[in-house]
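Visitor: Got a sequence here, can you build the structure:
(one chain, ligands or ions: 1)
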Amino acid sequence: MQGCDGSVLLESTPGNPSEREHPANNPSLRGFEVIEEAKAQIEAECPHTVSCADILAFAARDSANKVGGIKYEVPAGRRDGRVSIRDEASQLPRPTFNAKELISNFEQKGLSADEMVTLSGAHSVGVSHCSSFSDRLYSSNATFAQDPSMDPNFASSLKNKCPPRSNDDNTVVLDASTPNRLDNKYYTGLKNHRGLLTSDQTLMTSPSTRPMVLTNAKHASIWARKFAKAMVHMGSIDVLTGSQGEIRTRCSVLN
Ligand code: HEM
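Guide: Below you'll find the model as predicted:
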(Lines give C-alpha, C1' and ligand atoms only; values in the text may rest on other atoms or scores of the structure.)
Protein backbone atom coordinates (compact mmCIF):
# COMPACT_ATOMS: atom_id res chain seq x y z
CA MET A 1 0.00 0.00 0.00
CA GLN A 2 3.00 2.29 0.01
CA GLY A 3 2.99 2.30 -3.78
CA CYS A 4 3.64 0.05 -6.76
CA ASP A 5 6.13 -2.11 -4.91
CA GLY A 6 4.59 -5.58 -5.05
CA SER A 7 3.83 -5.48 -1.32
CA VAL A 8 0.36 -6.92 -1.96
CA LEU A 9 2.04 -10.19 -3.01
CA LEU A 10 3.70 -10.80 0.36
CA GLU A 11 2.34 -13.46 2.66
CA SER A 12 1.87 -12.80 6.37
CA THR A 13 4.65 -13.71 8.77
CA PRO A 14 4.08 -14.72 12.41
CA GLY A 15 2.69 -11.67 14.21
CA ASN A 16 2.61 -9.55 11.03
CA PRO A 17 -0.55 -9.96 8.96
CA SER A 18 0.13 -8.64 5.44
CA GLU A 19 -2.06 -6.60 3.06
CA ARG A 20 -3.38 -9.81 1.58
CA GLU A 21 -5.25 -10.44 4.84
CA HIS A 22 -7.23 -7.18 4.81
CA PRO A 23 -10.96 -7.73 4.14
CA ALA A 24 -10.64 -5.49 1.06
CA ASN A 25 -8.24 -8.07 -0.43
CA ASN A 26 -9.27 -11.37 1.15
CA PRO A 27 -11.07 -13.32 -0.32
CA SER A 28 -11.25 -11.15 -3.45
CA LEU A 29 -7.63 -11.08 -4.67
CA ARG A 30 -6.64 -14.15 -6.63
CA GLY A 31 -4.06 -15.39 -9.12
CA PHE A 32 -1.03 -15.10 -6.83
CA GLU A 33 0.21 -18.47 -8.14
CA VAL A 34 0.34 -17.11 -11.70
CA ILE A 35 2.68 -14.29 -10.67
CA GLU A 36 4.79 -16.72 -8.61
CA GLU A 37 5.12 -19.05 -11.60
CA ALA A 38 6.14 -16.19 -13.90
CA LYS A 39 8.70 -15.10 -11.32
CA ALA A 40 10.14 -18.64 -11.06
CA GLN A 41 10.58 -18.83 -14.83
CA ILE A 42 12.21 -15.39 -15.01
CA GLU A 43 14.55 -16.17 -12.07
CA ALA A 44 15.66 -19.34 -13.85
CA GLU A 45 16.65 -17.34 -16.95
CA CYS A 46 17.83 -14.12 -15.42
CA PRO A 47 18.24 -14.14 -11.62
CA HIS A 48 17.83 -11.08 -9.31
CA THR A 49 16.91 -8.74 -12.15
CA VAL A 50 13.15 -8.39 -12.64
CA SER A 51 11.12 -7.30 -9.62
CA CYS A 52 7.76 -8.70 -8.60
CA ALA A 53 6.35 -5.16 -8.86
CA ASP A 54 7.40 -5.07 -12.54
CA ILE A 55 6.00 -8.55 -13.17
CA LEU A 56 2.64 -7.42 -11.75
CA ALA A 57 2.61 -4.34 -13.99
CA PHE A 58 3.54 -6.47 -17.03
CA ALA A 59 0.83 -9.01 -16.17
CA ALA A 60 -1.78 -6.22 -16.07
CA ARG A 61 -0.51 -4.92 -19.42
CA ASP A 62 -0.62 -8.37 -21.03
CA SER A 63 -4.08 -9.11 -19.60
CA ALA A 64 -5.48 -5.87 -21.03
CA ASN A 65 -4.09 -6.91 -24.41
CA LYS A 66 -5.39 -10.46 -24.19
CA VAL A 67 -8.94 -9.77 -22.98
CA GLY A 68 -9.38 -6.27 -24.40
CA GLY A 69 -7.02 -5.90 -27.35
CA ILE A 70 -5.69 -2.82 -25.56
CA LYS A 71 -1.95 -2.36 -26.18
CA TYR A 72 0.41 -0.19 -24.20
CA GLU A 73 3.99 -0.17 -22.99
CA VAL A 74 4.90 -0.05 -19.31
CA PRO A 75 8.20 1.38 -18.10
CA ALA A 76 10.23 -1.12 -16.03
CA GLY A 77 12.67 -0.67 -13.14
CA ARG A 78 10.39 -0.85 -10.10
CA ARG A 79 11.92 -2.49 -7.03
CA ASP A 80 10.10 -4.57 -4.45
CA GLY A 81 9.04 -3.19 -1.09
CA ARG A 82 10.01 -4.87 2.17
CA VAL A 83 6.89 -3.85 4.09
CA SER A 84 3.32 -5.14 3.92
CA ILE A 85 0.95 -4.20 6.73
CA ARG A 86 -2.64 -5.45 6.73
CA ASP A 87 -4.18 -2.32 8.17
CA GLU A 88 -2.64 -0.05 5.54
CA ALA A 89 -5.01 -1.60 3.00
CA SER A 90 -7.80 0.35 4.70
CA GLN A 91 -6.77 3.18 2.33
CA LEU A 92 -8.35 1.24 -0.52
CA PRO A 93 -11.63 2.60 -1.88
CA ARG A 94 -14.71 0.70 -0.73
CA PRO A 95 -17.44 -0.69 -2.96
CA THR A 96 -19.95 1.34 -0.92
CA PHE A 97 -18.25 4.67 -1.76
CA ASN A 98 -20.12 7.42 -3.61
CA ALA A 99 -18.57 9.48 -6.43
CA LYS A 100 -17.32 12.19 -4.09
CA GLU A 101 -15.55 9.67 -1.88
CA LEU A 102 -14.05 7.89 -4.89
CA ILE A 103 -12.77 11.14 -6.40
CA SER A 104 -11.11 12.13 -3.15
CA ASN A 105 -9.65 8.65 -2.60
CA PHE A 106 -8.02 8.61 -6.06
CA GLU A 107 -6.90 12.24 -5.72
CA GLN A 108 -4.90 11.24 -2.67
CA LYS A 109 -2.79 9.12 -5.01
CA GLY A 110 -2.61 11.81 -7.68
CA LEU A 111 -5.23 10.29 -9.99
CA SER A 112 -7.88 12.59 -11.50
CA ALA A 113 -11.65 12.05 -11.48
CA ASP A 114 -11.54 11.20 -15.18
CA GLU A 115 -8.77 8.64 -14.56
CA MET A 116 -10.85 7.14 -11.73
CA VAL A 117 -13.89 6.78 -13.99
CA THR A 118 -11.71 5.43 -16.82
CA LEU A 119 -9.96 2.87 -14.60
CA SER A 120 -13.28 1.72 -13.15
CA GLY A 121 -13.82 0.30 -16.63
CA ALA A 122 -11.65 -2.61 -15.44
CA HIS A 123 -14.90 -3.81 -13.84
CA SER A 124 -15.78 -4.83 -17.35
CA VAL A 125 -14.15 -8.16 -16.50
CA GLY A 126 -14.15 -10.42 -13.47
CA VAL A 127 -16.38 -11.19 -10.56
CA SER A 128 -17.50 -9.91 -7.19
CA HIS A 129 -18.55 -11.72 -4.04
CA CYS A 130 -22.17 -11.12 -3.00
CA SER A 131 -21.03 -9.47 0.22
CA SER A 132 -19.53 -6.56 -1.76
CA PHE A 133 -22.96 -5.39 -2.95
CA SER A 134 -25.65 -7.22 -0.92
CA ASP A 135 -26.44 -3.98 0.96
CA ARG A 136 -27.98 -2.79 -2.34
CA LEU A 137 -30.39 -5.75 -2.43
CA TYR A 138 -31.37 -6.05 1.21
CA SER A 139 -31.22 -2.60 2.68
CA SER A 140 -31.26 -2.03 6.40
CA ASN A 141 -32.63 1.41 5.53
CA ALA A 142 -36.40 1.38 6.07
CA THR A 143 -37.06 3.89 3.28
CA PHE A 144 -36.19 1.50 0.44
CA ALA A 145 -36.18 -2.27 0.06
CA GLN A 146 -33.43 -2.17 -2.52
CA ASP A 147 -31.18 0.44 -4.06
CA PRO A 148 -33.42 2.67 -6.23
CA SER A 149 -30.55 3.30 -8.67
CA MET A 150 -30.58 -0.42 -9.62
CA ASP A 151 -32.81 -1.84 -12.37
CA PRO A 152 -35.45 -3.91 -10.47
CA ASN A 153 -35.13 -6.84 -12.91
CA PHE A 154 -31.39 -6.86 -12.44
CA ALA A 155 -31.93 -6.74 -8.65
CA SER A 156 -34.27 -9.75 -8.83
CA SER A 157 -31.75 -11.85 -10.72
CA LEU A 158 -29.02 -10.86 -8.25
CA LYS A 159 -31.24 -11.86 -5.31
CA ASN A 160 -31.47 -15.33 -6.82
CA LYS A 161 -27.70 -15.60 -6.97
CA CYS A 162 -27.19 -13.97 -3.58
CA PRO A 163 -29.86 -15.10 -1.09
CA PRO A 164 -30.24 -12.99 2.06
CA ARG A 165 -27.83 -13.62 4.91
CA SER A 166 -26.13 -16.40 3.02
CA ASN A 167 -22.70 -17.20 4.29
CA ASP A 168 -21.57 -18.90 1.14
CA ASP A 169 -19.06 -17.26 -1.11
CA ASN A 170 -21.11 -16.93 -4.29
CA THR A 171 -19.70 -14.69 -6.97
CA VAL A 172 -21.43 -12.69 -9.71
CA VAL A 173 -19.90 -11.20 -12.86
CA LEU A 174 -19.24 -7.47 -12.64
CA ASP A 175 -20.34 -6.75 -16.23
CA ALA A 176 -23.16 -9.10 -17.22
CA SER A 177 -23.12 -8.10 -20.90
CA THR A 178 -19.49 -9.03 -21.73
CA PRO A 179 -18.05 -10.55 -18.52
CA ASN A 180 -14.83 -11.83 -20.09
CA ARG A 181 -14.07 -8.92 -22.37
CA LEU A 182 -12.32 -5.71 -21.33
CA ASP A 183 -14.43 -3.19 -23.23
CA ASN A 184 -16.61 -0.12 -22.74
CA LYS A 185 -19.86 -2.12 -22.31
CA TYR A 186 -19.40 -1.62 -18.58
CA TYR A 187 -20.41 2.02 -19.11
CA THR A 188 -23.48 1.02 -21.15
CA GLY A 189 -24.43 -1.17 -18.19
CA LEU A 190 -24.19 1.87 -15.90
CA LYS A 191 -26.49 3.81 -18.25
CA ASN A 192 -28.96 0.91 -17.97
CA HIS A 193 -28.78 0.90 -14.14
CA ARG A 194 -26.92 -2.39 -14.19
CA GLY A 195 -23.79 -1.41 -12.34
CA LEU A 196 -23.05 -4.10 -9.73
CA LEU A 197 -21.33 -2.14 -6.97
CA THR A 198 -22.48 1.14 -5.45
CA SER A 199 -19.06 2.51 -6.50
CA ASP A 200 -19.92 1.59 -10.12
CA GLN A 201 -23.47 2.92 -10.33
CA THR A 202 -22.63 6.15 -8.48
CA LEU A 203 -20.47 7.19 -11.46
CA MET A 204 -23.67 7.45 -13.52
CA THR A 205 -25.88 8.81 -10.73
CA SER A 206 -23.53 11.62 -9.78
CA PRO A 207 -23.69 14.73 -12.02
CA SER A 208 -19.95 15.22 -11.50
CA THR A 209 -18.96 11.97 -13.22
CA ARG A 210 -21.99 11.20 -15.44
CA PRO A 211 -20.61 13.08 -18.50
CA MET A 212 -17.45 10.93 -18.32
CA VAL A 213 -19.52 7.74 -18.19
CA LEU A 214 -21.54 8.85 -21.21
CA THR A 215 -18.40 9.69 -23.22
CA ASN A 216 -16.79 6.35 -22.37
CA ALA A 217 -19.99 4.50 -23.26
CA LYS A 218 -20.20 6.24 -26.63
CA HIS A 219 -16.57 6.13 -27.77
CA ALA A 220 -14.88 2.75 -27.32
CA SER A 221 -11.55 3.82 -28.76
CA ILE A 222 -11.31 7.03 -26.72
CA TRP A 223 -11.94 5.03 -23.55
CA ALA A 224 -9.38 2.36 -24.52
CA ARG A 225 -6.70 5.02 -25.14
CA LYS A 226 -7.47 6.75 -21.84
CA PHE A 227 -7.45 3.39 -20.04
CA ALA A 228 -3.97 2.54 -21.34
CA LYS A 229 -2.65 5.96 -20.32
CA ALA A 230 -4.23 5.80 -16.85
CA MET A 231 -2.81 2.28 -16.28
CA VAL A 232 0.70 3.57 -17.03
CA HIS A 233 0.12 6.51 -14.69
CA MET A 234 -1.26 4.30 -11.91
CA GLY A 235 1.69 1.92 -12.35
CA SER A 236 4.13 4.77 -11.71
CA ILE A 237 2.72 5.76 -8.32
CA ASP A 238 5.27 5.69 -5.49
CA VAL A 239 7.65 3.24 -7.13
CA LEU A 240 10.92 2.24 -5.50
CA THR A 241 14.07 2.68 -7.62
CA GLY A 242 17.87 2.62 -7.36
CA SER A 243 18.96 0.96 -4.13
CA GLN A 244 15.54 1.20 -2.46
CA GLY A 245 13.80 -2.05 -1.55
CA GLU A 246 15.05 -5.25 -3.15
CA ILE A 247 14.51 -7.64 -6.05
CA ARG A 248 12.67 -10.52 -4.42
CA THR A 249 13.59 -14.09 -5.28
CA ARG A 250 10.04 -15.25 -4.60
CA CYS A 251 7.13 -12.82 -4.75
CA SER A 252 5.36 -14.03 -1.61
CA VAL A 253 8.32 -13.74 0.79
CA LEU A 254 11.08 -11.23 1.53
CA ASN A 255 14.62 -12.24 0.57
C1 HEM B 1 -13.00 2.79 -8.11
C2 HEM B 1 -12.72 2.14 -7.00
C3 HEM B 1 -12.79 0.63 -6.93
C4 HEM B 1 -13.50 -0.08 -6.04
C5 HEM B 1 -14.34 0.44 -4.90
C6 HEM B 1 -13.31 -1.48 -6.38
C7 HEM B 1 -13.89 -2.55 -5.71
C8 HEM B 1 -13.91 -3.84 -6.17
C9 HEM B 1 -14.62 -4.92 -5.54
C10 HEM B 1 -15.43 -4.81 -4.24
C11 HEM B 1 -14.46 -6.01 -6.32
C12 HEM B 1 -15.05 -7.40 -6.04
C13 HEM B 1 -14.29 -8.09 -4.95
C14 HEM B 1 -14.99 -9.32 -4.49
O15 HEM B 1 -16.05 -9.18 -3.83
O16 HEM B 1 -14.54 -10.42 -4.80
C17 HEM B 1 -13.61 -5.65 -7.43
C18 HEM B 1 -13.21 -6.50 -8.43
C19 HEM B 1 -12.35 -6.17 -9.43
N20 HEM B 1 -11.71 -4.94 -9.59
FE21 HEM B 1 -12.12 -3.27 -8.56
N22 HEM B 1 -12.47 -1.56 -7.47
C23 HEM B 1 -12.13 -0.30 -7.84
C24 HEM B 1 -11.27 0.05 -8.87
C25 HEM B 1 -10.60 -0.87 -9.67
C26 HEM B 1 -9.52 -0.53 -10.57
C27 HEM B 1 -8.92 0.86 -10.72
C28 HEM B 1 -9.17 -1.68 -11.20
C29 HEM B 1 -8.08 -1.91 -12.20
C30 HEM B 1 -7.68 -1.00 -13.08
C31 HEM B 1 -10.05 -2.73 -10.71
C32 HEM B 1 -10.07 -4.03 -11.17
C33 HEM B 1 -10.90 -5.02 -10.68
C34 HEM B 1 -11.02 -6.34 -11.29
C35 HEM B 1 -10.31 -6.85 -12.54
C36 HEM B 1 -11.93 -7.06 -10.50
C37 HEM B 1 -12.39 -8.53 -10.70
C38 HEM B 1 -11.48 -9.46 -9.94
C39 HEM B 1 -11.80 -10.94 -10.11
O40 HEM B 1 -12.49 -11.35 -11.04
O41 HEM B 1 -11.33 -11.71 -9.27
N42 HEM B 1 -10.89 -2.19 -9.76
N43 HEM B 1 -13.29 -4.31 -7.31
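Visitor: neighbours of the residue in the stretch 51-200 of the chain that the ligand sits nearest to, just the number please.
Guide: Nearest residue of the stretch 51-200 of the chain to the ligand: Gly126, at 2.4 Å (Cβ to the nearest ligand atom). Quick note: C-beta positions are derived from backbone N, CA and C, even for glycine. Using other Cβ atoms under 10 Å, Gly126 is surrounded by 16 other residues.
Visitor: From here on, call the first residue 38.
Guide: Understood, numbering begins at 38; the last thing we discussed is Gly163.
Visitor: ok, it - contacts?
Guide: Val210, Leu211, Pro216 (Cβ atoms under 8 Å, 6 or more residues apart in numbering).
Visitor: residues in the stretch 188-292 of the chain within reach of the ligand, list them.
Guide: Within the stretch 188-292 of the chain, the positions lying close to the ligand (Cβ under 6 Å from any ligand atom) are Leu211, Leu234, Ser236.
Visitor: ok so, going back, of the contacts of Gly163, buried ones?
Guide: If you count burial by 16 or more other Cβ atoms under 10 Å, the buried members of those come out as Val210, Leu211.
Visitor: any chance of the contacts of Gly163 in a markdown table, with distance to Asp275 too?
Guide: Putting those into a markdown table (distance: Cβ to Cβ, whole Å) gives the following:
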| residue | distance to Asp275 |
| --- | --- |
| Val210 | 32 |
| Leu211 | 27 |
| Pro216 | 32 |
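Visitor: For Ser186, state which of the contacts of Gly163 is nearest.
Guide: Ranked by distance to Ser186 (Cβ to Cβ), the contacts of Gly163 are led by Leu211 at 16.2 Å.
Visitor: Now do the same for that closest one: its pLDDT.
Guide: As predicted, Leu211 sits at a pLDDT of 98.
Visitor: Against Tyr223, how distant is the nearest residue to it once chain neighbours are set aside?
Guide: Spatial nearest neighbour of Leu211, chain neighbours left out: His160 (4.4 Å); criterion: Cβ to Cβ, 6 or more residues apart in numbering. Separation of His160 from Tyr223 (Cβ to Cβ, to the nearest Å): 6 Å.
Visitor: the more surrounded of these two?
Guide: Ranked by neighbour count (other Cβ under 10 Å), His160 and Tyr223 place Tyr223 first, with 28 against 21.
Visitor: and the more buried one, what is it in contact with?
Guide: Ser157, Gly158, His160, Ser161, Leu211, Asp212, Asp237.
Visitor: cool, and Leu211?
Guide: Taking Cβ under 8 Å, 6+ apart, we find Leu211 in contact with His160, Ser161, Val162, Gly163, Val164, Ser165, Tyr223, Leu233, Leu234, Asp237.
Visitor: Now do the strands in the stretch 188-292 of the chain.
Guide: Secondary structure of the stretch 188-292 of the chain, counting by DSSP state E, counting those that start in this stretch: strands at 208-210.
Visitor: Report the beta-bridge partners for Val210.
Guide: Residues in a beta bridge with Val210, per DSSP bridges, are Val164.
Visitor: what's it in contact with, if anything?
Guide: Listed by Cβ under 8 Å, 6+ apart, the contact partners of Val210 are Gly163, Val164, Pro216, Leu233.
Visitor: repeat that with 10 Å
Guide: Contact partners of Val210, counting by Cβ atoms under 10 Å, 6 or more residues apart in numbering, are His160, Ser161, Val162, Gly163, Val164, Ser165, Lys198, Pro216, Asn217, Leu233.
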